[in-house]
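Q: Predicted structure and sequence below. I'll ask about it afterward.
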Amino acid sequence: MIARLVGVLLERAVDHVVIDVGGVGFRVFVSGVTGGALPAIGEVATVLIHTQVREDAITLYGFASAVERELFRTLLKLSGIGPKNAMQILSGMPLGELVQAIAAGDVDRLVRLPGVGRKTAERITVELRDRIGVLTSELGDGAASTRVAGGGRLAGETVDALVRLGLPRPRADRAVRDVAARLPASAPLEDWIREALRGVAGS
């Protein structure tokens, strides 16, 4: 299975790009978030890959971050959501805002996404809300670069997780300080992340 591609960006379309790796052009389907994060045509691009293998085709889906790829894979586990639907959802709003909406159970916000009706939005919030904190903590590198008073290591790791989701560091710091004031330091990391996301979504 292909897990990562590094090569020259040859073409860019609305829903896909073509990357030249050693003289072979790979068509990779991307979300609007990843498409906007890639460099200009002719420059070297790096994308993380989810490979879908079927009897009649091998399809590559590319992502600029591990968080986006794992969220894509998590969405695919939901009944009725295929790769195309998952890409539309990821393209509908910035990754950090999407994660915040899911964590907060904000169905009204999710129904604004392309191809997402109320039932699908409700299913996403119910089945993924608790998974969001676990997802970001699993993707953490375990080396927090920030320490927030009152929370120590967990607070720093939570800030780093929020920054990886696209939240500006000052805003992440504020969100985590609020969590540190009400959540015990012994709580699991995923609880810290989930509570911080809910706070950001409600602000």
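A: Nice, thanks for sending it over.
Q: And the residue nearest the centre of this protein?
A: residue 68 (3.0 Å; C-alpha atoms, centre = their mean).
Q: If you count neighbours, what's buried in the host helix or strand of residue 52?
A: Using DSSP states H and E, residue 52 maps to strand 44-53. Buried residues in strand 44-53, defined by neighbour count with 16 or more other C-beta atoms under 10 Å: 45, 47-50. In short, each C-beta sits where N, CA and C put it, glycine included.
Q: again with stretch 57-65
A: Within stretch 57-65, the residues that count as buried by 16+ other C-beta under 10 Å are 60-65.
Q: what would the residues you listed look like in a markdown table with pLDDT and secondary structure?
A: Listed next are these as a markdown table, based on pLDDT from 0 to 100; DSSP: H, G, I helix; E, B strand; the rest coil:
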| residue | pLDDT | secondary structure |
| --- | --- | --- |
| 60 | 96 | strand |
| 61 | 97 | strand |
| 62 | 95 | strand |
| 63 | 93 | strand |
| 64 | 87 | coil |
| 65 | 84 | coil |
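Q: can you list the buried residues of strand 44-53 in CSV and add pLDDT and distance to residue 29?
A: Below are the buried residues of strand 44-53 laid out as CSV (pLDDT from 0 to 100; distance: C-beta to C-beta, whole Å):
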residue, pLDDT, distance to residue 29
45, 93, 14
47, 93, 10
48, 93, 13
49, 96, 10
50, 95, 9
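Q: from the residues you listed, which is closest to residue 83?
A: Of all the buried residues of strand 44-53, the one with the least separation from residue 83 (C-beta to C-beta) is residue 50, at 8.2 Å.
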